[in-house]
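**Student:** The sequence and its predicted three-dimensional model are supplied below.
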Amino acid sequence: MDTVRFEDDKVLMIDQTKLPNELEYLELESVEEVAIAIEELKVRGAPAIGVSAAFGLLLASKEGDLEVLEEAADRLRRTRPTAVNLFWAIDRVMDVVDRSGDWQKAVEKEAKSIFMEDREINKRMGDNGADLLDDGDTVLTHCNAGALATSGMYGTALGVIKRAVERDIDIDVVCTETRPVLQGARLTSYELTMDIGVDTTLIVDSAVGALMPKIDKVVVGADRVARDGVANKIGTYNIAVLADRHGVEFYVAAPKSTFDEELTIDEIEIEERSETEIKQICGCQIAPNKVKAYNQAFDLTPAELIDGVITEDGVTEL
């Protein structure tokens, strides 16, 4: 599953707003198109956003004008504030411009390196996480942290599950629907059943407490790992509290590029999205227009609720 790739001077990416009903690839030819795709969640997940931003800069570099490239970097930085991979990838590409005689070739090499490294990192992360799972485990995951949240193939939290399945570790998976835009129902259950092929049960978000006594491990992704906790999809903190209450191990799977150890979790900027995402489901109005809705996209889980962070280098504590 190639979530995003660069081909024939275009950024090709799966339109994740169409899943699971339709698998459609977008062909993006401008930085503005890439930026809009990130803002509209056509591509989402911290690593996938980072790769997409790098490829957006590669598109801009084809103009041969450094000012255009800098404007492109500024536009991409304004798309989504919480996922640190976005800024990490942009900074990494822009840093090579100042250190290279042929900056266009340097941008292309760096963007493609970010893409290839993401795939290798996710596989190593999956191996490290699979070591934590045992035959007979029931594993709970939240939102989508699979191949669709990265450049493709493995993913972060679902990469752990996929590597466990490839090792013939017998596990069952429970995934939350993940309101308000249903990344768990639309994307995670799609990957788990269609790509990974593991016994999967979908539950509503509010069923987590009732099901937690039957869960053995929780594995989720992260959009930013601070020195004292993580920011991840709204609802993650609820799950961590419930896991702690029931003595269930709670793990975060995140590449080192997601770490931002200069910040505490209280200093992370949390994205607030449109009220429409709550008032509608798949275009169907479910609440009156006059009611106010608060749509915080991420929440913060402190380190004391996290048993370990699974990275490409091993499992670490915060």
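**Tutor:** Cool, the structure landed. Numbering: from 1, shown residues only.

**Student:** Which residue comes closest to A54 once chain neighbours are left out?
**Tutor:** Counting by Cβ to Cβ, 6 or more residues apart in numbering, A111 is the residue found nearest to A54 once chain neighbours are left out, at 4.0 Å. Every residue, glycine included, has its C-beta placed from N, CA and C.

**Student:** Shouldn't that neighbour be within a helix?
**Tutor:** Yes. Assignment of A111 by DSSP: H, G, I helix; E, B strand; the rest coil places it within a helix.

**Student:** I'd say it and L59 touch.
**Tutor:** No. Here A111 lies out of contact with L59, judged by Cβ atoms under 8 Å, at a distance of 9.3 Å.

**Student:** any idea how far G235 lies from V198?
**Tutor:** Distance, G235 to V198, using Cβ to Cβ, to the nearest Å: 22 Å.

**Student:** More neighbours: these two, which one.
**Tutor:** The neighbour comparison of G235 against V198 (other Cβ atoms under 10 Å) goes to G235, with 21 against 18.

**Student:** what about the residue nearest to A54, how many neighbours?
**Tutor:** Using other Cβ under 10 Å, A111 is surrounded by 24 other residues.

**Student:** Q285 too?
**Tutor:** Neighbours of Q285 (other Cβ under 10 Å): 10.

**Student:** Likewise for F298?
**Tutor:** F298 has 26 nearby residues by other Cβ under 10 Å.

**Student:** D8 too?
**Tutor:** The tally of other residues near D8 (other Cβ under 10 Å) stands at 7.

**Student:** Ok, the one 3 residues further on next?
**Tutor:** Each residue near V11 was counted by other Cβ under 10 Å, and the total is 26.

**Student:** Then E275?
**Tutor:** As a burial measure, E275 scores 16 neighbours (other Cβ under 10 Å).

**Student:** Identify the residue nearest it in space, chain neighbours excluded?
**Tutor:** Closest residue in space to E275, ignoring its immediate chain neighbours: A293 at 4.0 Å, by Cβ to Cβ, 6+ apart.

**Student:** which residues does that neighbour contact?
**Tutor:** A293 makes contacts with E275, I278, K279, A287, as judged by Cβ atoms under 8 Å, 6 or more residues apart in numbering.

**Student:** ok so, going back, for the residue nearest to A54, give its distance to E27.
**Tutor:** In terms of Cβ to Cβ, A111 sits 17 Å off from E27.

**Student:** Skipping adjacent residues, who's closest to A37 in space?
**Tutor:** Excluding the flanking residues, the one nearest A37 by Cβ to Cβ, 6+ apart is V43, at 5.3 Å.

**Student:** what's the spacing between the residue nearest to E275 and R179?
**Tutor:** From A293 to R179 the distance is 11 Å (Cβ to Cβ).

**Student:** Give the residues shared as contacts by those two.
**Tutor:** Shared contacts of A293 and R179 (Cβ under 8 Å, 6+ apart): I278.

**Student:** hang on, the residue nearest to E275 in a strand?
**Tutor:** No. According to three-state DSSP, A293 belongs to no strand; its state is coil.

**Student:** Just the helices from the stretch 101-250 of the chain, written as ranges.
**Tutor:** For the stretch 101-250 of the chain, the helices defined by DSSP state H, counting those that start in this stretch cover 103-130, 157-166, 183, 189-190, 208-211, 236-245.

**Student:** among these, which is nearest G314?
**Tutor:** With Cβ to Cβ as the measure, helix 103-130 is the member of those nearest G314 (5.6 Å).

**Student:** could you give the angle of the closest one to helix 157-166?
**Tutor:** When axes from the mean of the first three to the mean of the last three Cα atoms, to 10 degrees is applied, the directions of helix 103-130 and helix 157-166 differ by 60 degrees.

**Student:** I171: what's it in contact with?
**Tutor:** L133, D135, G136, D137, T138, V139, I161, A164, V165, V198, D199.

**Student:** who wins for neighbours among these?
**Tutor:** Highest neighbour count within the contacts of I171: I161, with 31 neighbours (other Cβ under 10 Å).

**Student:** Name the surrounding residues that touch stretch 72-91.
**Tutor:** 31-32, 34-35, 38-39, 46-47, 49-51, 53-54, 56-57, 59-60, 93-94, 114, 223-225, 231, 255, 257-260, 268-271, 297-298.

**Student:** Tell me which of the residues you listed fall in helices.
**Tutor:** 31-32, 34-35, 38-39, 46-47, 49-51, 53-54, 56-57, 59-60, 93-94, 114 (DSSP state H).

**Student:** Quick check: PyMOL command selecting the buried ones in those.
**Tutor:** Remark: buried members of these, expressed as a PyMOL selection using 16 or more other Cβ atoms under 10 Å:
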select buried, resi 31+34+35+38+46+47+49+50+51+53+54+56+57+59+60+93+94+114
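
**Student:** what's around A157, how many residues?
**Tutor:** Number of residues near A157 (other Cβ under 10 Å) recorded here: 31.

**Student:** and if you look at I169?
**Tutor:** A count of nearby residues for I169, using other Cβ under 10 Å, gives 16.

**Student:** Thanks again, I'm all set now.
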